[in-house]
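# Show me the folded form of this:
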Amino acid sequence: MSECKYDAFISYRRSDGSAVARWLRRQLEGFKLPKPLRKKFGRKLRLYLDTAYERGTSDFYENSIKPALLASRYLIVVATPHAKLRKAGVEDWIQREIADFSAGPNGRNVVAVRGAGGFDDALPADLERRFPNIEIVDLRGAGRFWYLNPVRATRLSAEKLKLIAPLLNIPPEEMPKLSQEEDKRQQIRLGTTAGAAMGVFAAVSGLSVFALNSRNQATRALEDSMFATGSMVLMSKRLTPVSGSADERWRRLLINQGCDLIDKLSLGSGVSPQIEEQVTCRLERALARERLDEHQQARRLYADAIRLATARHRQKGRSGAGEQLLEARLAFVRYLSRTKDGKAATAELKRMRDDARRLAKQHKGRDAFLQSEAEALGRLGNIYVKSRRRAQAADAFIAAANLVTRTIENTFGKKNPRTVAWLTRLRRRAAKEKIGLNEADAAHEQMLRSLKAREFIDEDAVPAYLEKEFAMTEAMLFLFERRRGRSDAARSARSAALAAITRITKSQSASPGTKRTAARLKAWIEKMSKGMQTGSAQ
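Numbers count the residues shown, from 1 in each chain. Reported below is the predicted structural model:
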């Protein structure tokens, strides 16, 4: 991917897409990352936007346009009413660009930008059929002085980040930093300056009242208000303050007020919020009911979130609604686990597993569904462990690990260390259950596969929490080989475990908890190592 000359090629119809296409290129090429991310991901994006000709010829396309198209990592298609239509006898350049890019080395990396028209209008060149899981970024209203309207600015900024993240290979766990920086640039200090955020909510409310009294601008203003409020709710949701802190209380307040405003905006207006906002509001309200010990109401809200996401997916068939369904099911599972309802949690996990499998078949290439199935299987494995069903637990952990491996292998570029740590842990847990079943060879295979996950990460970029997982697997292998009387293999595993522990203790980024775990593991290894120097296999 690194050999590509351009990060993205922007395809658009000149008659009604030029303004959005030019705005998009300026915004992407001029984007500056926040300082915490600049060293690792910071570079200037390179965009190709053809502005050199009015009526292109086939020679010009083959010699100039197509080479740039195939030298781009992503294709961004600006969807406008004219982009869908073309006069008879006139070649459709957008369709040609999409076809050529799809056949190229990065053919899966296609994003649609809604530049004008209805959000759910048909996309050009049958993009919905070619790419059922295509991301649609809503940039309607982009243009000169866009930043003077705070509601529109909030919406466009949030949508712009959907493009920035993949173009700069920014992983999901870094997105909160990116979102917070963009918030600051728009003078909306969500979560950190509550007064400013409350002022934005008030401004949105005022805009909504004005919109309801204005016939000409009511629909557009309501859409902007709904989108801005929903964006702030989702940004608040992604904040992770310390439990019980003042920041967490502000987070809850902002989400609740945002959800209340969404309800008011949608009541009688005919404007429906996005499914992610609807699910988020119900899940947050369910947590609030749980804190008040109102469990019947909490269960009703979880069930409502699941029902809404299911209905939206059946209606629209989009992968985003499917992801919200699985998120709602997982939230309900966590609630059931907290309330010690193991039977209901098991049943819900099986429904989550089955939904994930069904959605993965419907939306091929969407790794989020594979990860959700793995999450369900891993949690089922935990339940089987507690009930001493070792064979079922081992099978669940192995199946989950196989799915996680697929998602890692499908990832372009750098792999997420958190996902690799998850894989390592699943393999180790499977090995433990196989040991309990006296299946030594199967246990040994799972331990080796747990350690083999190191191949997914550069040796000089292994974080401390991942080193801890490798150290724990090496320690397990050390004891396993020692009990089998294989002293050389035991010594090798022991040395590898201690080396990983040393790297953890020397790491400046390791958390205190990780270092304490490493210290305890080292003490245990040293205790179990007595007699090893003489070659004993006790």
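# okay, CA-based contacts and neighbour counts for the rest of this
OK.
# Which parts of the protein belong to which domain?
6-144, 365-459, 462-538 (automatic domain parsing).
# And for residue 382, nearest residue in space, chain neighbours not counted?
On the basis of CA to CA, 6 or more residues apart in numbering, the spatially nearest residue to residue 382 that is not a chain neighbour turns out to be residue 393, at 6.9 Å.
# Need the contact partners of the host helix or strand of residue 73.
Residue 73 belongs to strand 72-79 when assigned by DSSP states H and E. The contact list for strand 72-79 (CA atoms under 8 Å, 6 or more residues apart in numbering) reads 1, 4-13, 17, 20-21, 69, 94, 98, 101, 106, 109-116, 123-124, 167.
# got the CA coordinates for that strand in CSV?
Coordinates of the C-alpha atoms in strand 72-79 are reproduced here as CSV (Å, rounded to 0.1, in the frame of the first residue of the first chain):
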residue,chain,number,x,y,z
SER,A,72,-4.4,5.6,-5.5
ARG,A,73,-5.1,3.7,-2.3
TYR,A,74,-8.7,4.8,-2.2
LEU,A,75,-11.4,5.9,-4.6
ILE,A,76,-13.8,8.6,-3.3
VAL,A,77,-16.9,8.9,-5.4
VAL,A,78,-18.9,12.2,-5.0
ALA,A,79,-22.6,11.2,-5.3
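# for residue 306, what are its contacts?
If a contact means CA under 8 Å, 6+ apart, then residue 306 has 279, 325, 328, 329 as its contacts.
# let's see 10 Å
Applying CA atoms under 10 Å, 6 or more residues apart in numbering, we find residue 306 in contact with 279, 282, 283, 300, 324, 325, 326, 327, 328, 329, 331, 332.
# Could you measure from it over to residue 330?
In this structure, residue 306 and residue 330 are separated by 10 Å, where distance is defined by CA to CA, to the nearest Å.
# hmm, back to that, can you give me how far the strand holding residue 73 is from the chain middle?
20 Å (CA atoms, centre = their mean, to the nearest Å).
# Stretch 417-436 now?
Taking the mean of its C-alpha atoms, stretch 417-436 sits 22 Å from the chain's own mean (CA atoms, centre = their mean).
# would you turn the contacts of residue 306 into JSON lines with neighbour count, pLDDT and distance to residue 437?
Converted to JSON lines, the contacts of residue 306 look like this (neighbours: other CA atoms under 10 Å; pLDDT from 0 to 100; distance: CA to CA, whole Å):
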{"residue": "279", "neighbour count": "24", "pLDDT": "94", "distance to residue 437": "42"}
{"residue": "282", "neighbour count": "23", "pLDDT": "93", "distance to residue 437": "43"}
{"residue": "283", "neighbour count": "24", "pLDDT": "94", "distance to residue 437": "40"}
{"residue": "300", "neighbour count": "13", "pLDDT": "95", "distance to residue 437": "41"}
{"residue": "324", "neighbour count": "24", "pLDDT": "94", "distance to residue 437": "38"}
{"residue": "325", "neighbour count": "27", "pLDDT": "96", "distance to residue 437": "36"}
{"residue": "326", "neighbour count": "26", "pLDDT": "96", "distance to residue 437": "33"}
{"residue": "327", "neighbour count": "21", "pLDDT": "95", "distance to residue 437": "34"}
{"residue": "328", "neighbour count": "26", "pLDDT": "96", "distance to residue 437": "35"}
{"residue": "329", "neighbour count": "24", "pLDDT": "97", "distance to residue 437": "32"}
{"residue": "331", "neighbour count": "19", "pLDDT": "96", "distance to residue 437": "32"}
{"residue": "332", "neighbour count": "25", "pLDDT": "97", "distance to residue 437": "32"}
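# All good on my end, thank you.
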